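> just a sequence and a predicted model for now, questions to come.
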Amino acid sequence: MRKTYFSTALSGVLFAAVLCGPALAQSNPSAEQLINQLKPDGSLSATTRGIKPISPGAMPAPAMQASPASMPAMSAPAAPQAMPTSPSANLIVDFQSGSANLTPQAKAALDQLGQALTSQQLAAYNFKIVGHTDTTGTAAQNQTLSEQRADAVKSYLQSKFGVAGSRLQASGVGEADLAVQTPPNTPNRQNRRVEIINIGQ
């Protein structure tokens, strides 16, 4: 009985792993998720949610004891409010090793981005495409590679989805802004990404 139970449980785990594997591999957002991430409205509502819970609980207590002490506490959250003015999203874009050639997986991710940028919600906005690399190779090589990859993304969006070149700015930062901190010459898929930033109309 124990052997039968164990084998049944094991097969159930393996079956779940097969089903969940593809879902876990799809780390990139869908077109709808990209629209929500890149819309200015979505980021502003997020900051509003962050402010509301703090003010009801924080105002009564400090006001009773020391009103000057409450002023610096309220001024501190003012700094992060400037950041949501530029909504952004990250895509893991698979390139061929050491090149700017798009793989089928990269094109699948960029297809979602193309659908988002040509949607009614985002069609009026301009975007910055920032290429990132991992630490494999020299910093100079990675800087050049990140620029080439950002240009490749821009060209793909223009050719397949008809996104006007005037709406897209391509640039690269090489390995200067790692998503995951790694030692030199360390391949890391999460660091080989493309950041999309809404820079307004």
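Yep, it's here. Numbers count the residues shown, from 1 in each chain.
> so what's Lys52 scoring on pLDDT?
On the pLDDT scale, Lys52 is placed at 32.
> check which helices and strands the lengthiest strand in the chain sits against.
As assigned by DSSP state E, the longest strand anywhere in the chain is strand 193-200. Applying 3 or more C-beta pairs under 8 Å, 6 or more residues apart in numbering; DSSP states H and E, one finds that strand 193-200 makes contact with helix 31-38, strand 88-92, strand 126-131, helix 139-161. In short, each C-beta sits where N, CA and C put it, glycine included.
> closest to Arg193 out of these?
Arg193 lies closest, by C-beta to C-beta, to one member of the helices and strands packed on strand 193-200: strand 88-92, at 5.2 Å.
> who's in contact with the closest one?
Here strand 88-92 makes contact (C-beta atoms under 8 Å, 6 or more residues apart in numbering) with 27-29, 34, 37-38, 109-110, 113, 179, 189-190, 192-198.
> what about 6 Å?
Ser27, Asn28, Leu34, Gln37, Leu38, Ala109, Arg193, Val194, Glu195, Ile196, Ile197 (C-beta atoms under 6 Å, 6 or more residues apart in numbering).
> nearest to Ala150 among those?
Nearest to Ala150 among those, with distances taken as C-beta to C-beta, is Val194, at 6.8 Å.
> who does the closest one form a beta bridge with?
Leu91, Gly131 (DSSP bridges).
> so it makes contact with Val153?
Yes. The pair Val194 and Val153 qualifies as a contact (C-beta atoms under 6 Å) at a distance of 5.5 Å.
> which residues touch Ala152?
Ala100.
> look up how far Pro40 lies from it.
As judged by C-beta to C-beta, to the nearest Å, Ala152 and Pro40 stand 27 Å apart.
> one more: Lys160?
Taken as C-beta to C-beta, the span from Lys160 to Pro40 is 25 Å.
> and if you look at Asp94?
29 Å.
> please apply the same query to Gly98.
Gly98 sits at a distance of 37 Å from Pro40 (criterion: C-beta to C-beta).
> where do the helices sit along the protein?
With helices called from DSSP state H, the chain shows them at 2-25, 31-38, 40-51, 54-58, 60-65, 67-75, 104-117, 139-161.
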